[in-house]
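A.B. asks: no sequence for this one, just the structure:
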């Protein structure tokens with residue numbers, strides 16, 4: 001009998017972030033469950049891959065690229081915690097960065113079922129404010 005090996009949760013989340021950094025958005029979405037819930041904690045949660053696609057498209061409209069840096073990463077079972085700085089190269093030439101604590105929950109298939117990011121909304125607004 002052949003067993004299917006579940007992907008390592010830390011590796012899954014690291015690859016997910018690498019996809020953001022390389023602009024490989026289809027690969028990033030492929031790592032998410034169809035019923036994924038993405039919750040940037042100061043905002044309302046986004047439920048489902050289709051809603052996540054729309055939110056990412058809207059957010060990325062003014063972004064030329066991502067430079068997310070993982071400072072620390074740890075897993076307990078299917079839950080992965082990340083301490084990151086999420087930096088963005090904006091299309092107007094500016095750079096915005098945000099300190100983030102992220103929580104990723106993987107389903108039994110190894111897909112991201114829940115993603116919660118905690119950050120300071122004032123820092124977000126200051127970093128992304130127009131020139």
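C.D. replies: That came through fine. Just so you know, these numbers come straight off a predicted model, no measurement behind them.
A.B. asks: how much space separates the residue nearest in space to the middle of the chain from residue 84?
C.D. replies: Geometric centre of the chain, nearest residue: residue 17, 6.3 Å, by Cα atoms, centre = their mean. Separation of residue 17 from residue 84 (Cβ to Cβ, to the nearest Å) stands at 7 Å. Placement of C-beta: from N, CA and C, glycine included.
A.B. asks: need the longest strand for the protein.
C.D. replies: The longest strand of the chain (DSSP state E) is strand 63-76.
A.B. asks: hey, where'd the helices end up in the chain?
C.D. replies: 9-22, 25-30, 49-60, 121-128 (DSSP state H).
A.B. asks: residue 109: neighbour count?
C.D. replies: Neighbours of residue 109 under the rule other Cβ atoms under 10 Å: 10.
A.B. asks: distance check, it against residue 13.
C.D. replies: Distance from residue 109 to residue 13, by Cβ to Cβ: 15 Å.
A.B. asks: just residue 100 next, same as before
C.D. replies: As judged by Cβ to Cβ, residue 100 and residue 13 stand 13 Å apart.
A.B. asks: is residue 42 in contact with residue 119, as I believe?
C.D. replies: Yes: between residue 42 and residue 119 there is a contact under Cβ atoms under 8 Å: 7.1 Å.
A.B. asks: where's residue 59 relative to residue 51, distance?
C.D. replies: For residue 59, the distance to residue 51 equals 12 Å [Cβ to Cβ].
A.B. asks: show me the shaky parts of this protein.
C.D. replies: By pLDDT under 70, the low-scoring segments of the chain are 1-6, 131.
A.B. asks: swap the cut-off to 90 and go again
C.D. replies: Residues of the chain meeting the criterion pLDDT under 90: 1-7, 42, 128-131.
A.B. asks: returning to what we had before: angle of the longest strand of the chain against helix 121-128?
C.D. replies: On the basis of axes from the mean of the first three to the mean of the last three Cα atoms, to 10 degrees, strand 63-76 is oriented at 150 degrees to helix 121-128.
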